[in-house]
Each structure stands twice: as structure tokens, then as C-alpha cells.
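1. Sequence and predicted structure, then a few things I'm wondering about:
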Amino acid sequence: MTSAAVPTKLVNECKAKLLEAKGEILNRVKEARTHLDNEDRGGDEADQTVRVLAEQEFLSMHDRLRSQLFEIESALGRIENGSFGFCEETEEPIEHDRLRAIPWTRLSIEGAEIRESVNKRYARG
């Protein structure tokens with residue numbers, strides 16, 4: 001696999017989108033943590049319940065963002081090692097429009113369909 005199948009211009013475009021998305025995620029986590037830390041810890045039982053719910057929401061959001069950040073970092077790593085833009089399932093180049101839309105994707109449309117089919121088969125037991 002070489003990155004020759006993915007034009008340099010597209011790789012650079014995707015890298016810029018990945019870095020921008022990474023920055024946005026880090027800012028969202030920082031803002032959410034700051035907001036949570038600045039909340040009043042006192043109050044009655046209802047206030048404390050609202051705080052616990054806010055903490056649970058923060059942790060759930062944090063898990064989703066951490067997962068997204070992992071995918072972004074992984075894509076940046078693939079750019080560096082020259083495997084960016086190739087489907088993990090088919091080893092064929094990923095469609096350029098798909099890379100533009102989801103620069104961290106690991107699968108082509110065909111590869112995603114194959115993986116989904118396999119997952120459904122195993123989910124049935």
C-alpha cells in the first residue's frame with residue numbers, strides 16, 4: 001500500500017480537517033470540564049441531583065469525544081505512515097468524496113458494507 005492512490009492535495013485537505021476537528025474536540029472537553037468545575041457544589045437534594053446528572057452527561061460526552069479523538073489520531077498516524085485512504089477491509093483506495101466527508105474513516109463504502117454484513121451475521125449468534 002502506498003499513498004500514491006490518494007492525491008497529495010486530498011491528503012493535505014484531510015489532514016487540515018483532522019487537525020481542526022481535533023482542536024474542536026479538545027476545546028469542547030476543556031469548556032465542559034471548566035463549566036462542571038465552576039458549578040456550585042452546595043444546594044439541596046434537587047440541586048445535587050442535577051449536578052450528578054450533569055456529571056454523568058459530561059462523562060458520556062467525554063467517552064464519545066475520546067473515541068472520536070482516537071479515530072482522528074489514528075487517521076493522522078495513517079497519513080504519516082502512508083496508509084491513509086486505504087480500506088482496512090478491502091485494502092482498496094477509499095472513495096475521495098468519502099474521505100472529504102469523513103477524513104478519519106478506515107473503510108470504503110464497500111468495506112463498510114462487508115463489515116456490517118459480518119457483524120450482523122455474528123450478532124445473530
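-> Arrived safely, thanks for sending. Numbers count the residues shown, from 1 in each chain.
2. tell me which element Glu71 is part of?
-> Element membership for Glu71, per DSSP states H and E: helix 45-81.
3. neighbours of Lys120, just the number please.
-> Using other Cβ atoms under 10 Å, Lys120 has 9 neighbouring residues. Quick note: C-beta positions are derived from backbone N, CA and C, even for glycine.
4. ok, now which ones touch the spatially most central residue of the chain?
-> In the chain, the C-alpha nearest the mean C-alpha coordinate belongs to Gln68, at 2.3 Å (Cα atoms, centre = their mean). With contacts defined as Cβ atoms under 8 Å, 6 or more residues apart in numbering, the neighbours of Gln68 are 21, 25, 104.
5. Over to the last one: give its phi and psi.
-> Backbone dihedrals for Trp104, given as degrees, to the nearest 10, come out at phi -90, psi 0.
6. just for this structure, where's the confidence low?
-> Residues of the chain meeting the criterion pLDDT under 70: 1-4, 39-42, 125.
7. which residue lies farthest from the center of it?
-> Asp44 (38.1 Å).
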